[in-house]
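Participant: coords below, sequence missing:
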C-alpha cells in the first residue's frame, strides 16, 4: 500500500494532498476518511491526468457521500491535462461539492500540464450556479505575459 498511495502535508497549511493512482478509489476513500479528522483542507488530484470525467465525478461523489464531516473542510482538486480533461474535470468537481480548483497560468506543469487558469475562470463564469470575484476582462493579461516571457 505504501507504493500505491501517498499522502503529504503541504507546508504552512493544515492540508492533506492525496496522491492515488487510477483504480484505487477504495484506498483513496479510506485514507480520506482517516485523515480528514486531522486536516481542514483535503486535496484530491487526478495526478496522472487519466481519469474520464465520469470516473473523476464518481470518485468525488463517493468521497463526499461517505466521509463524515466533509462539509467542515475545504475540498480542492488538482487535475493534470494528459488527456485534455483537466479543465472539464476541474469544473465537474464543482458540481460534486469541491470549493477550490488548483490550476496554473497557461496550464503550465509536468507532462501535458495542469488545468489552465484562464479556461477554468471562463468556464466557471459561464455557469449560472457559480460566481467569482475575478474580473474576466483582465484574466488574459497574465497568460499573455507568461507566454511572452517563456516563448510558449
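Facilitator: Now that the structure is in, tell me what you want to look at. The structure presented is a predicted model; accordingly, all values stated were derived computationally and were not measured. Numbers count the residues shown, from 1 in each chain.

Participant: C-terminal to the top helix by length along the chain, what's the next element?
Facilitator: Ranked by number of residues, the top helix in the chain under DSSP state H is helix 53-66. Counting by DSSP states H and E, the element after helix 53-66 in chain order, helix or strand, is strand 74-79.

Participant: tilt between that following strand and helix 53-66?
Facilitator: Relative orientation of strand 74-79 versus helix 53-66 (axes from the mean of the first three to the mean of the last three CA atoms, to 10 degrees): 160 degrees.

Participant: circling back: who are the packing partners of the longest helix of the chain?
Facilitator: helix 25-35, strand 41-46, strand 74-79, helix 86-96 (3 or more CB pairs under 8 Å, 6 or more residues apart in numbering; DSSP states H and E). All C-beta atoms are positioned from the backbone trio N, CA, C, and that covers glycine.

Participant: In this structure residue 61 contacts residue 93, no?
Facilitator: No. Residue 61 is beyond contact range of residue 93, at 10.1 Å (criterion: CB atoms under 8 Å).

Participant: residue ranges with poor pLDDT in this protein?
Facilitator: 1-39, 152 (pLDDT under 70).

Participant: so what's the residue nearest the centre of it up against?
Facilitator: Nearest to the mean C-alpha position of the chain, counting by CA atoms, centre = their mean, stands residue 77 at 1.7 Å. For residue 77, the contacting residues are 43-46, 60, 89-90, 93, 98, 100-102, by CB atoms under 8 Å, 6 or more residues apart in numbering.
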